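Trainee: next comes the sequence, and after it the predicted model I'd like to discuss.
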Amino acid sequence: MPLCAGRRNDQSQPPVERQMSTSTGAKGDPTQESGNSRERQSQVDGNDDGAMATRFSQKISILVFRGHPKDSVDTRVAKLHLAFHESENSDITFEMGPGPYPVLQELTNQGPPSQRPHFLRKIDVATVPVASELDMALRDTIRGIPPNPEWDDRNWVDDVLRVLQAAWPSQISNGDVTYALNFMVDVLYLGY
């Protein structure tokens with residue numbers, strides 16, 4: 001059971017209408033099988049007399065992986081995952097490299113996290129509307145946070161999510177960040 005039992009419902013957000021557009025592929029095409037759909041969020045702008053503006057979104061998640069070759073609390077790893085347009089096939093996974101001088105590593109387009117070796121859990125944090133398919137503001141913000149030699153992957157995930165929440169307070173609530181971090185700690189220590 002997570003330490004933070006519920007999510008805060010932020011009533012200051014305007015209503016959002018979701019439209020699904022599914023790409024089609026050849027029979028047996030792995031992009032179709034894994035649900036390669038683009039979710040566009042259309043939001044009514046009160047200043048446009050009901051005109052719809054199309055937006056894209058990026059989902060921020062925490063990924064937890066089992067330790068390898070031996071799984072234990074100390075060997076489990078937390079990473080950040082940024083999925084573009086709700087597609088598991090277009091993504092970036094950020095992880096802290098090992099060693100006394102940690103380096104941020106980016107792994108791109110690795111497929112669905114649940115199909116990766118040693119995957120344990122995916123914890124969704126927030127979905128952030130972005131201006132275009134190529135909007136890299138979230139990625140650039142994550143890249144811009146310099147690694148601290150005293151951090152481990154868990155501290156790094158916490159610090160990055162706090163920076164993102166401060167930069168996008170109306171899209172990433174403090175309650176969602178706290179809930180996700182508490183859930184991450186539970187998964188890291190309990191292993192499920």
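Mentor: Arrived safely, thanks for sending.

Trainee: residue 78 and residue 178, how far apart?
Mentor: 15 Å (C-beta to C-beta, to the nearest Å). Bear in mind the C-beta positions are built from the backbone N, C-alpha and C, glycine included.

Trainee: strands along this structure, start to end?
Mentor: With DSSP state E as the criterion, the chain has strands at 17-22, 37-44, 52-65, 77-84, 91-96, 104-108, 119-130.

Trainee: neighbouring strands - and their directions - for the fifth one?
Mentor: What that stands for is strand 91-96. With DSSP bridges as the test, strand 91-96 is paired with strand 77-84 (antiparallel), strand 104-108 (antiparallel).

Trainee: before we move on, back to that, with neighbour numbers in mind, choose between residue 78 and residue 178.
Mentor: Between residue 78 and residue 178, counting by other C-beta atoms under 10 Å, residue 78 is the more crowded of the two (25 against 18).

Trainee: quick check: bridge partners of that one?
Mentor: residue 64.

Trainee: ok, it touching residue 185?
Mentor: No: judged on C-beta atoms under 8 Å, residue 78 makes no contact with residue 185 at a distance of 9.3 Å.

Trainee: what touches both of those two?
Mentor: By C-beta atoms under 8 Å, 6 or more residues apart in numbering, residue 78 and residue 185 have these common neighbours: residue 154.

Trainee: pLDDT weak spots in the chain?
Mentor: Filtered on pLDDT under 70, the chain yields the residue ranges 1-54, 86-89.

Trainee: the same query, at a cut-off of 80, please.
Mentor: The model of the chain has pLDDT under 80 over residues 1-55, 85-89, 98-100, 133.

Trainee: tell me, which helix in it spans the most residues?
Mentor: helix 174-190 (DSSP state H).

Trainee: tell me the helices and strands packed up against that one.
Mentor: strand 52-65, strand 119-130, helix 153-167 (3 or more C-beta pairs under 8 Å, 6 or more residues apart in numbering; DSSP states H and E).

Trainee: how about a cut-off of 10 Å?
Mentor: Under the contact definition 3 or more C-beta pairs under 10 Å, 6 or more residues apart in numbering; DSSP states H and E, helix 174-190 sits against strand 52-65, strand 77-84, strand 119-130, helix 153-167.

Trainee: buried set for that helix?
Mentor: Of the residues in helix 174-190, 176-188 count as buried by neighbour count, 16 or more other C-beta atoms under 10 Å.

Trainee: rewinding a little: would you turn the strands of the chain into a markdown table with distance to residue 151?
Mentor: Putting the strands of the chain into a markdown table (distance: least, C-beta to C-beta, whole Å) gives the following:
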| stretch | distance to residue 151 |
| --- | --- |
| strand 17-22 | 36 |
| strand 37-44 | 33 |
| strand 52-65 | 15 |
| strand 77-84 | 11 |
| strand 91-96 | 7 |
| strand 104-108 | 11 |
| strand 119-130 | 18 |
